[in-house]
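> Below is the structure, and that's it, no one-letter string:
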């Protein structure tokens, strides 16, 4: 019995002591970091959302632990008397929406109370942007979240990873590890965004944007490959796509 009570005290669902909640309709109640589980994907560009979430968890002093019911690693943090959930879906990128929607339905969290951190091809490494709503721009994690929530009206934290310059190279690009200099830029943007967590949680998006957004010049896209180079690269691209 004592063990059961102890478990409840530290579990996700035990109410935290403190002052009564401060109601703020703009506050974010669910933070999601997108990526692929498994050691082989840890350092790849597609896992930039995971990198940000891990920074936030360390900053808050909470541990992301497995939660089978929602197919994710999860943690709970309290702010202004309200629970805030941190979520890393473990479904692989293409099924991220199943995990997000499962938790959102369980805790009755509306789409506009959700922020999703993800890698962004249309921003250079080192830049980050906040955005609410809009399309998924071909990002399969966002595509599934759209489908499972039935709405695109959630916040996104877009972490720039740059673009390879050719659409046919995107799959290999996101599933490869960036070189050290590029990784350092992505990590700087993730650090800046993690430092703005309190503002994000409070729904102070304008102030958060001031802290997160950067004015660094965009990296020029590489030149499009010639027909001969494209033909030589095709077998390698097929292997990357199939891997």
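Looks like it arrived, so ask away. For clarity, every value in this text was computed on a predicted model and none was experimentally measured.
> From now on I want contacts and neighbour counts done on CA atoms only, so please keep to that.
Will do.
> My guess is residue 151 contacts residue 111. True?
Yes. Counting by Cα atoms under 8 Å, residue 151 does reach residue 111; the two are 6.9 Å apart.
> between those two, who's got more neighbours?
Neighbour count, other Cα atoms under 10 Å: between residue 151 and residue 111, residue 111 has more, with 22 against 14.
> Check what pLDDT that one gets.
Predicted confidence (pLDDT) for residue 111: 97.
> wouldn't it be in contact with residue 154 here?
Yes. Under the criterion of Cα under 8 Å, residue 111 makes contact with residue 154 at 4.8 Å.
> Can you list the low-confidence ranges for this structure?
Applying pLDDT under 70 to the chain flags residues 1-25, 214-243.
> Break down it into its strands, ranges please.
Along the chain, the segments classed as strands by DSSP state E run 30-33, 65-67, 72-79, 82-89, 114-120, 128-132, 155-160.
> And the contacts of the second one?
Meaning strand 65-67. Here strand 65-67 makes contact (Cα atoms under 8 Å, 6 or more residues apart in numbering) with 72, 73, 74, 75.
> Between the residues you listed, which sits nearest residue 143?
residue 72 (18.0 Å; Cα to Cα).
> list the contacts for the residue nearest to the closest one when sequence neighbours are not counted?
Closest residue to residue 72 in three dimensions, ignoring its sequence neighbours and counting by Cα to Cα, 6 or more residues apart in numbering: residue 89, at 4.2 Å. For residue 89, the contact set (Cα under 8 Å, 6+ apart) comprises 32, 33, 34, 35, 70, 71, 72, 73, 96, 99, 100.
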